[in-house]
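A.B. asks: what follows is a predicted structure for the sequence shown.
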Amino acid sequence: MSSEIDEYNGGSVLAMLGKNCVAIASDKRFGMKLMTLGTEFPKIFQATDKIYIAMAGLATDIQTLSELIRYKINMYKLREEREIEPTTLAYMVASTLYERRFSPYYVSPLIAGLDKNNKPYICNMDLIGCVTTTNDFVVGGAADDCLLGTCEALYEPDLEPEDLFETISQSLISAVDRNAASGWGAVVHVLTPERVITRTLKTRQD
Amino acid sequence: MSFYPYTDNGGSALAIAGEDYCLLASDTRQSGEDYKIHAGYVPKAFKLTDSCVYAGVGFSADGVALVKRVRQSIEWYRHAHEKTMSTPALAQMIATVLYSKRFFPYYVGTILGGLDENGRGVVYSFDPVGSFEAELHKAVGSGAELIQPFLDNQVNLKFLPEVERTPLPLDVALQIAKDAFTSAAERDTKTGDYLEIFIIDREGVNVERFDLKRD
């Protein structure tokens, strides 16, 4: 991505796969270059009861695209009379992004969710909708390299929800504290078949 | 095509200071432009004294030239003062050497790992023009962004405020260094092949070699 615009507002996102659960997390910073303007900027959006979508990148595009995706999810639900599946949502977001192939939304979206059989799913995609599905973790945003480093070292497969929460939280906090464009607190959601655990984290405030 | 005097040869190095030891680790890959790998075993860490090890990442030729110059200065210091240069003195000297080429710099990220006059572990890190700082742990090079937050997490236990702080044992530091490099080699194309770990303690300097990913 062109480093001018995709790191203009800062912010980072992360998702991890566990045993019968998934976790998705983001920081809360909203800035313009080096100046911090907001510390409660939402980057994670609920798609259904069991699917969350996170976006890092240009703040205006995050808000525009999240509303467009919300509209499309609602239309899908009305037409199909059922909830959308994680993979379906992933390719719906991907094709929405590819429609703007030559004037893209400057976002790095992640999707985390449980499908109808409660099988966990995570994926990320680039700004024009090239989907990558992994079986460990996906990262995005200004601190993506830092996140890749912490996740690669701290992650292990088949974690239970509480252990997954600790792993994703430590990975995120360590990474965003080394990135000036990210931080100012964090949000973590752990999705299990029974419930969604949502917690906010404190990080350094500078 | 005009002549450009610098190349980025990639590679990473890290150092961790312990109570009575210091550990300095670096990979041995030498990368070229694009996705080329020039060689798998070209060390970028060198022993300077019995209590100090240097690593330089970035432009390999400058790294080697810098060590050559620093080693000669150490030799002259020994003849002039009849003693080996201490690690803090060495750090200040390297900073002066780097700044002497302020307008045609040695294109290297430098770290020094060693023991100070009291036998405590110290780490110094430098930018290419000589600004430097003493730290307890530091990662430099192409994989620095991946390694540094991991060290913050594991060495400092920075994000586990309720855990009691105890001095980091050498075997734990060694395992952290190995884990840091296997992770960095997984995601950074310019880091890999072999890992060289220098352990500096009162006995002197010891080197250990380990395999890393070679693709």
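C.D. replies: Thanks, I have it.

A.B. asks: what's downstream of the longest helix seen in chain B, the next helix or strand?
C.D. replies: Secondary structure of chain B read by DSSP state H shows that its longest helix is helix B:60-81. Beyond helix B:60-81 in the direction of the C-terminus, DSSP states H and E gives the next helix or strand as helix B:87-100.

A.B. asks: could you check the angle that following helix makes with helix B:60-81?
C.D. replies: 130 degrees (axes from the mean of the first three to the mean of the last three Cα atoms, to 10 degrees).

A.B. asks: what does helix B:87-100 rub up against?
C.D. replies: Outside helix B:87-100, the residues that touch it by Cβ atoms under 8 Å, 6 or more residues apart in numbering or on different chains are B:48-49, B:51-52, B:54, B:66, B:69-70, B:73-74, B:77, B:85, B:105-106, B:110, B:112, B:114-117, B:122, B:124, B:126, B:128-132, B:134. Placement of C-beta: from N, CA and C, glycine included.

A.B. asks: tell me which entries of those lie within helices.
C.D. replies: Short answer: the contacts of helix B:87-100 in helices (DSSP H) are B:Leu66, B:Arg69, B:Val70, B:Ser73, B:Ile74, B:Tyr77.

A.B. asks: buried ones among those residues?
C.D. replies: B:Leu66, B:Val70, B:Ser73, B:Ile74, B:Tyr77 (16 or more other Cβ atoms under 10 Å in any protein chain shown).

A.B. asks: these: which two are farthest apart?
C.D. replies: The two members of those with the most space between them (Cβ to Cβ) are B:Leu66 and B:Tyr77, at 16.2 Å.

A.B. asks: flag every residue of chain A that's near chain B.
C.D. replies: A:145-146, A:148-150, A:152-154, A:170, A:173-175, A:177-178 (Cβ under 8 Å from any Cβ of the partner chain).

A.B. asks: if we use 10 Å, what do you get?
C.D. replies: A:143-155, A:166, A:169-179, A:201, A:203-204 (Cβ under 10 Å from any Cβ of the partner chain).

A.B. asks: please pick the buried ones from those residues.
C.D. replies: A:143-155, A:169-179, A:201, A:203.

A.B. asks: nearest spatial neighbour of residue 188, chain-adjacent residues omitted?
C.D. replies: No chain in the question, so chain A it is. A:Ala25 (4.3 Å; Cβ to Cβ, 6 or more residues apart in numbering or on different chains).

A.B. asks: correction: the question concerned chain B.
C.D. replies: Per Cβ to Cβ, 6+ apart, closest to B:Asp188 is B:Gly143, 4.1 Å.

A.B. asks: next, count neighbours for that neighbour.
C.D. replies: Neighbour count of B:Gly143, defined by other Cβ atoms under 10 Å in any protein chain shown: 30.

A.B. asks: could you pull up the contacting residues of it?
C.D. replies: By Cβ atoms under 10 Å, 6 or more residues apart in numbering or on different chains, B:Gly143 lies in contact with A:145, A:149, B:10-14, B:27, B:57, B:180-181, B:183-192.

A.B. asks: filter those down to the buried ones, ChimeraX style.
C.D. replies: A single ChimeraX command selects the buried members of the contacts of B:Gly143 (16+ other Cβ under 10 Å):
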select /A:145,149 /B:10,11,12,13,14,27,57,180,181,183,184,185,186,188,190,191,192
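
A.B. asks: now intersect the contacts of B:Gly143 with the strands, please.
C.D. replies: Using DSSP state E, the members of the contacts of B:Gly143 that fall in strands are B:Ser12, B:Ala13, B:Leu14, B:Asp27, B:Val57.

A.B. asks: which one among those gets closest to chain A?
C.D. replies: Lowest distance from chain A to the ones in strands among the contacts of B:Gly143 (Cβ to the nearest Cβ) belongs to B:Ser12, with 10.5 Å.

A.B. asks: okay, and the beta partners of that closest one?
C.D. replies: Here B:Ser12 sits in beta bridges with B:Gly141, as judged by DSSP bridges.

A.B. asks: just checking, it touches B:Leu151?
C.D. replies: No: counting by Cβ atoms under 10 Å, B:Ser12 sits too far from B:Leu151 to count as a contact (11.7 Å).

A.B. asks: anything in contact with each of these two?
C.D. replies: B:Ala139, B:Ala144, B:Ala180.

A.B. asks: from those, which are also near chain A?
C.D. replies: B:Ala139, B:Ala144, B:Ala180.

A.B. asks: I'd like those residues as a markdown table, with pLDDT appended.
C.D. replies: Putting these into a markdown table (pLDDT from 0 to 100) gives the following:
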| residue | pLDDT |
| --- | --- |
| B:Ala139 | 98 |
| B:Ala144 | 98 |
| B:Ala180 | 98 |
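
A.B. asks: contacts only, for A:Leu97.
C.D. replies: With Cβ under 10 Å, 6+ apart, A:Leu97 has these contacts: A:Leu65, A:Pro104, A:Tyr105, A:Val107, A:Pro109, A:Met125, A:Asp126, A:Leu127, A:Ile128, A:Gly129, A:Cys130, A:Val131.

A.B. asks: give me that answer again for 8 Å
C.D. replies: A:Leu65, A:Pro104, A:Tyr105, A:Val107, A:Pro109, A:Met125, A:Leu127, A:Ile128, A:Gly129.

A.B. asks: quick check, nearest of the ones in helices among the contacts of helix B:87-100 to chain A?
C.D. replies: Once Cβ to the nearest Cβ is applied, the member of the ones in helices among the contacts of helix B:87-100 that ends up nearest chain A is B:Leu66, at 26.6 Å.

A.B. asks: most centrally placed residue in chain A?
C.D. replies: Of all residues in chain A, the one closest to the mean position by Cα atoms, centre = their mean is A:Ala54, 2.8 Å from it.

A.B. asks: contacts for the helix or strand where that one lies, please.
C.D. replies: A:Ala54 is part of strand A:51-57 when elements are defined by DSSP H and E. Contact partners of strand A:51-57, identified using Cβ under 8 Å, 6+ apart, comprise A:1, A:6, A:9, A:11-15, A:24-26, A:43-47, A:62, A:65-66, A:69, A:84, A:86, A:89, A:93, A:105-114, A:127, A:140-142, A:189, A:191.

A.B. asks: which among those count as buried?
C.D. replies: Using 16+ other Cβ under 10 Å, the buried ones in the contacts of strand A:51-57 are A:6, A:9, A:11-15, A:24-26, A:43-45, A:47, A:62, A:65-66, A:69, A:84, A:86, A:89, A:93, A:105-114, A:127, A:140-142, A:189, A:191.
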